[in-house]
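1. Would you be able to build a 3D model of this:
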Amino acid sequence: MNLKQAASIGDLRELARRRLPRMVFDYIDGAAGEEITSKRNRVALDEVCLIPGALVDVSSRHHATKLFGREVSFPAIVGPTGLNGAFWPEGDVALARGAARAGIPFVLSTAATVRLNPFLKVAGPLRWFQLYMMKDRGLVEAFLQRIFQSGFNVLQLTVDTSVSGRRNRDIRNAFTLPFRWTARNFIDSALHPRWSTSMLRSGPPMLRLFEEIAGAPPRGATISDVMQQQLSSSFTWKDLEWLRARWRGYLVLKGISTEEQSRRSMDAGSDGIVVSNHGGRQLDGTRSSVEWLPRIVDAVAGRMTVLVDSGFRSGNDIGKAIALGADGVKLGRAALYGLAAGGEEGVVHALAIIKAELDRTMALCGASSIGQLRGRVDGVGAASL
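-> Numbers count the residues shown, from 1 in each chain. Model prediction:
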């Protein structure tokens, strides 16, 4: 199977698995602890049941919607992921260009492996930025100033990382930054010559954006350790006022999981939230995002934008989220499998698969527009709240 033959995100996952050394593939594919929450994300989505439509004119279907005042071609966002240069040279650039070609936003991560100016030369107009709240607020202010001046108008603050998740696969694989070349990792890399050659040409991935703004590259025993050095464990709802006062664009909180949290987000001046369990990569043993979604949508009652992520792998999944009341879906691993399988073209292919699946889901649910998918769902299955 080659890239053009890949019919699903599952096919792209298999191509990525073949191309990448195990330590790198496991970083994409893995999750926290025993990966219970990661598995639950998938099970819960599978249990959501859509309602088929019949005898409805769906000969003309429209996928576009608006997010934070800007039109997007369909209700998806390529979400923030770190260390993308480990999967493909200049991975952040490939993801951004793929998203721009698809007409959807790309969220640049604090843990990007590209410097800002090269990124801005190729990024599309729908630029969002993801921020971790760090211990050094002076550094946070430096990030805010730089990204606002660079045309980013949506800031996504990740709020479920007071400490980093314990990711057992990374520990077993000794996946570090910079790479730690154990005998096993060296042999595994040698068995994946296409990846190894590309890394030799481009150089090892580093947190270039952080290094550019902070002035020094972070290091640690694992990727989680690298981020743990920087993350604030004391940032609270009250402190959120400090951030809101310093950011002039749209503010989105990522990692919301209860009705109370969603209400407090509104009270704090947030323009949107992401219902998320971080793809199962933080607290293992929680409910899936899609289980939380209906109650949060009810609590928000249309007063702010509600996005969702964690476990979404198809256009059918996006259709379920829209039917349950979400305004859009953030894609993580789905885009990364495409990236690892074929760079920018792999990202474009992944997004094209998802959009085509969403189009067919709309037609079979009797929906000619995104808005008409609302309510076309029969409960949240056995895993419902």
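
2. Got the phi and psi for Gly328?
-> Backbone torsions of Gly328, given as degrees, to the nearest 10, read phi -170, psi 170.

3. now stretch 296-308: how far from the chain's centre is it?
-> With Cα atoms, centre = their mean, to the nearest Å as the basis, stretch 296-308 stands 19 Å off its chain's centre.

4. got the buried residues for it?
-> Across stretch 296-308, burial judged by 16 or more other Cβ atoms under 10 Å covers Ile296, Val297, Ala299, Val300, Met304, Thr305, Val306, Leu307, Val308. Backbone N, C-alpha and C define where each C-beta goes, glycine included.

5. hmm, who's touching that stretch?
-> Stretch 296-308 has contacts (Cβ atoms under 8 Å, 6 or more residues apart in numbering) with 67-68, 77, 252, 256, 258-259, 262-263, 265-266, 270-276, 289-290, 293, 321, 324-330.

6. Please pick the buried ones from these.
-> By 16+ other Cβ under 10 Å, the contacts of stretch 296-308 give 67-68, 77, 252, 256, 262, 265-266, 270-276, 289-290, 293, 321, 324-330 as buried.

7. Among those residues, which ones are in helices?
-> Residues from these lying in helices, with DSSP state H as the criterion: Ser262, Ser265, Met266, Ser289, Val290, Leu293, Ala321.

8. show me the contacts for the second one.
-> Each residue near Ser265 by Cβ under 8 Å, 6+ apart is listed here: Leu253, Ile256, Ile273, Met304.

9. and it, how far is that from Val329?
-> 18 Å (Cβ to Cβ, to the nearest Å).

10. Including distance to Gln149 and pLDDT, could the contacts of Ser265 go into a markdown table?
-> Output for those, formatted as a markdown table (distance: Cβ to Cβ, whole Å; pLDDT from 0 to 100):
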| residue | distance to Gln149 | pLDDT |
| --- | --- | --- |
| Leu253 | 23 | 98 |
| Ile256 | 28 | 97 |
| Ile273 | 26 | 98 |
| Met304 | 26 | 97 |
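
11. center of this protein, which residue is that?
-> Gly79 (2.9 Å; Cα atoms, centre = their mean).

12. Wait, that residue touches Leu336, no?
-> No - applying Cβ atoms under 8 Å as the test, Gly79 and Leu336 come out as separate, 9.7 Å apart.

13. circling back: for the ones in helices among the buried ones among the contacts of stretch 296-308, please prepare CSV with the additional fields distance to Arg13.
-> Listed next are those as CSV, based on distance: Cβ to Cβ, whole Å:
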residue, distance to Arg13
Ser262, 32
Ser265, 33
Met266, 37
Ser289, 20
Val290, 20
Leu293, 24
Ala321, 20
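
14. Tabulate the residues you listed (CSV), appending pLDDT and distance to Leu126.
-> As requested, these are exported to CSV (pLDDT from 0 to 100; distance: Cβ to Cβ, whole Å):
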residue, pLDDT, distance to Leu126
Ser262, 97, 24
Ser265, 97, 22
Met266, 95, 24
Ser289, 97, 22
Val290, 96, 25
Leu293, 97, 23
Ala321, 98, 19
